[in-house]
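Novice: Can you look at this prediction? I've put the sequence above it.
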Amino acid sequence: MTHKLQLKILDPRVGQDIPLPAYGTDGAAGMDLRALLDEPLTIQPGETHLIGTGLAIYIEDPALAATILPRSGLGHKHGIVLGNLVGLIDSDYQGELMVSCWNRGQQAFTIEPGDRIAQLVLLPVVQASFTVVDEFADTQRGAGGFGSTGHN
Ligand SMILES: O=c1ccn([C@H]2C[C@H](O)[C@@H](COP(=O)(O)OP(=O)(O)OP(=O)(O)O)O2)c(=O)[nH]1
Ligand SMILES: [Mg+2]
């Protein structure tokens with residue numbers, strides 16, 4: 001079953017020349033986000049550009065959030081990942097979805113208007129509140145971490 005999300009089109013090119021985000025296959029977890037650009041944008045090695053999508057979503061339900069993740073092909077082959085590594089879209093955010101594109105590679109990369117630059121994944125969220133305690137119940141791991149179980 002799909003979840004209904006409110007979406008606002010902020011630029012008339014979205015939904016016309018630039019398709020709305022959509023799942024590429026029946027089993028896809030992410031919907032590709034497309035770059036709203038007036039002209040091609042070349043990102044030089046090491047540079048980061050904040051790129052608009054021309055659309056806003058309002059998730060509304062605090063038990064949900066969206067993440068913006070890199071596309072594997074762009075990241076692996078061209079070094080185009082996200083300047084914030086992962087984008088988190090709060091359920092109460094109503095502004096334009098923005099994608100921070102970082103060229104972590106060695107070669108310049110050009111993004112054309114409407115190119116698919118990242119993907120949006122809707123996820124369940126559990127909000128927590130704290131109970132302050134003096135001691136935790138013992139566990140096998142305890143405070144061990146950061147390689148405490150060895151390398152292999
Ligand atoms: O890649 C991203 C990351 C965030 N956002 C929007 C949605 C999110 O709800 C809001 C705030 O994001 P975040 O809390 O990660 O940023 P912040 O630096 O803590 O800003 P703020 O002080 O506005 O919370 O910015 C995007 O459009 N794209
Ligand atoms: Mg914040």
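Specialist: Arrived safely, thanks for sending. Ligands and ions are numbered 1, 2, ... in the order given.

Novice: Dihedrals phi and psi, the nearest residue to residue 112 once chain neighbours are set aside?
Specialist: Among residues not flanking residue 112 along the chain, residue 40 sits closest, at 5.2 Å (Cβ to Cβ, 6 or more residues apart in numbering). Just so you know, the C-beta spots here come from the backbone N, C-alpha and C atoms, and that holds for glycine as well. As for residue 40, its main-chain torsions (degrees, to the nearest 10) stand at phi -60, psi 150.

Novice: Just the pLDDT for residue 40.
Specialist: On pLDDT, residue 40 comes in at 98.

Novice: so it makes contact with residue 113?
Specialist: Yes - if you go by Cβ atoms under 8 Å, residue 40 and residue 113 touch, sitting 7.1 Å apart.

Novice: mind listing what the residue nearest to residue 112 touches?
Specialist: Contacts for residue 40 were tallied using Cβ atoms under 8 Å, 6 or more residues apart in numbering; they are 110-113.

Novice: from the residues you listed, which is closest to residue 142?
Specialist: Minimum distance to residue 142 across those is 47.5 Å, recorded for residue 111 (Cβ to Cβ).

Novice: which residues does the closest one form a beta bridge with?
Specialist: Residue 111 has these beta-bridge partners by DSSP bridges: residue 41.

Novice: Give me the distance between it and residue 92.
Specialist: Distance, residue 111 to residue 92, using Cβ to Cβ, to the nearest Å: 29 Å.

Novice: again with residue 7
Specialist: 15 Å.

Novice: The chain: strands as residue ranges?
Specialist: Taking DSSP state E to define them, one finds strands in the chain at 6-9, 31-34, 41-43, 48-58, 64-69, 80-82, 87-89, 96-103, 109-111, 116-124.

Novice: Need the pLDDT of residue 152.
Specialist: For residue 152, the predicted pLDDT is 88.

Novice: So residue 7 and residue 92 - more neighbours on which side?
Specialist: residue 7 (15 against 10; other Cβ atoms under 10 Å).
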